[in-house]
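>>> let's see this in three dimensions:
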Amino acid sequence: MSLKEMLTKQNALTTGGVADRLISEAEEQLGFSFPSSYQDILKNVGSVSINGHEVFGLGIDGNLNVVTSTLKERELSEVDLADYIVIENLGNEGLLILLDEQGIVYQYTEGRFKQISLNIENYFIQDIL
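Numbers count the residues shown, from 1 in each chain. Predicted coordinates for the structure are as follows:
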């Protein structure tokens, strides 16, 4: 079962997929190449809200937009986050969920990184769904 099908089955709220052009523009704004797994999520669902989690994406304005949130957190962070995008802000003691260009998911807080998943699909399955 695809991630999109799992999200649909779980009644996730999504913003709808976005065009390749929007993804390219976002990558350019961030100076970051989205891993193919994240691109697939953007193309198929945009951004996601489910089970108390809000996974940032495209096709939406404000804090749920990955560009807006990543640029804001890069500005506020005490360490350089240029090699990551922010895919979730858990709002608990500055806890962020980050994604690198290889698709690895990290938890970040107080200047420390901890790998929590090998890819975003596993993150969804293990931690969100």
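>>> can you list the buried residues in the helix or strand of the chain with the lowest mean pLDDT?
Lowest mean confidence among the helices and strands of the chain (mean pLDDT, DSSP states H and E): helix 3-9, at a mean of 82. Of all the residues in helix 3-9, those buried under the rule 16 or more other CB atoms under 10 Å are Leu3, Lys4, Met6, Leu7. Heads up, the C-betas are built off the backbone N, CA and C, glycines and all.
>>> and stretch 116-129, by the same measure?
Ile116, Ser117, Asn119, Ile120, Glu121, Tyr123, Phe124, Ile128.
>>> what is the end-to-end distance of it?
Distance across stretch 116-129, first residue to last, is 15 Å (CA to CA, to the nearest Å).
>>> contact partners of it?
Residues from elsewhere that reach stretch 116-129 (CB atoms under 8 Å, 6 or more residues apart in numbering): 3, 6-7, 10, 35, 37-38, 41, 50-51, 53, 55, 87, 97, 99, 103-107.
>>> burial count for Ile41?
Ile41: 26 surrounding residues under other CB atoms under 10 Å.
>>> that one and Leu3 touch, don't they?
Yes. With contact defined as CB atoms under 8 Å, Ile41 and Leu3 form a contacting pair (6.8 Å).
>>> packing partners of the helix or strand that the least confident helix or strand of the chain is followed by?
Remark: after helix 3-9, the chain's next helix or strand is strand 13-14, criterion DSSP states H and E. Strand 13-14 is packed against strand 48-50, with contacts defined by 3 or more CB pairs under 8 Å, 6 or more residues apart in numbering; DSSP states H and E.
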